[in-house]
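Engineer: take a look and give me a structure for this.
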Amino acid sequence: MEARVEHNEGGCKFDLIVDGQAGGYLTYEIYDGCLDIQHTVVNRELRGNKLGEVLIAAATEFAEGKGLRIVPTCGYAKKLLES
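Structural biologist: Here you go, the predicted model:
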């Protein structure tokens, strides 16, 4: 399984591409020096492969590069980042 993440900065979204097909996405909003991870979605048939973590890692790297603090509204992101 080959997975990559494409960033649509204008759309505030990271798209997960798995074997050339859409596999999920992460949406966010930037405000007050924060990157708010709002939703993390992985297609049902791909769940259990830690692909949500791949999306969170991409968002975290982006936030760090921009000097933004991460504020996860998304329950999955919040749980993952607090562990």
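Engineer: SS state for the residue nearest to the spatial centre of the chain?
Structural biologist: The chain has Leu55 as the residue nearest its centroid, 3.4 Å off, counting by Cα atoms, centre = their mean. Recorded secondary structure, Leu55: helix (DSSP: H, G, I helix; E, B strand; the rest coil).
Engineer: go ahead and confirm it touches Thr40.
Structural biologist: Yes. In this structure, Leu55 is within contact of Thr40 by Cβ atoms under 8 Å, at 5.6 Å. C-beta coordinates here come from the backbone N, C-alpha and C atoms, glycine included.
Engineer: joint contacts of those two?
Structural biologist: 24-26 (Cβ atoms under 8 Å, 6 or more residues apart in numbering).
Engineer: let's have those in CSV, adding distance to Lys50.
Structural biologist: CSV is the format used below for the shared contacts of Leu55 and Thr40 (distance: Cβ to Cβ, whole Å):
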residue, distance to Lys50
Gly24, 12
Tyr25, 16
Leu26, 14
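Engineer: skipping its backbone neighbours, what lies nearest the residue nearest to the centre of the chain in space?
Structural biologist: Distances taken as Cβ to Cβ, 6 or more residues apart in numbering place Leu26 nearest to Leu55, at 4.1 Å, with adjacent residues excluded.
Engineer: ok, the residue of the chain most remote from its centre to Val18 distance?
Structural biologist: Farthest-out residue of the chain from its mean C-alpha position, per Cα atoms, centre = their mean: Asp32, at 19.4 Å. As judged by Cβ to Cβ, to the nearest Å, Asp32 and Val18 stand 34 Å apart.
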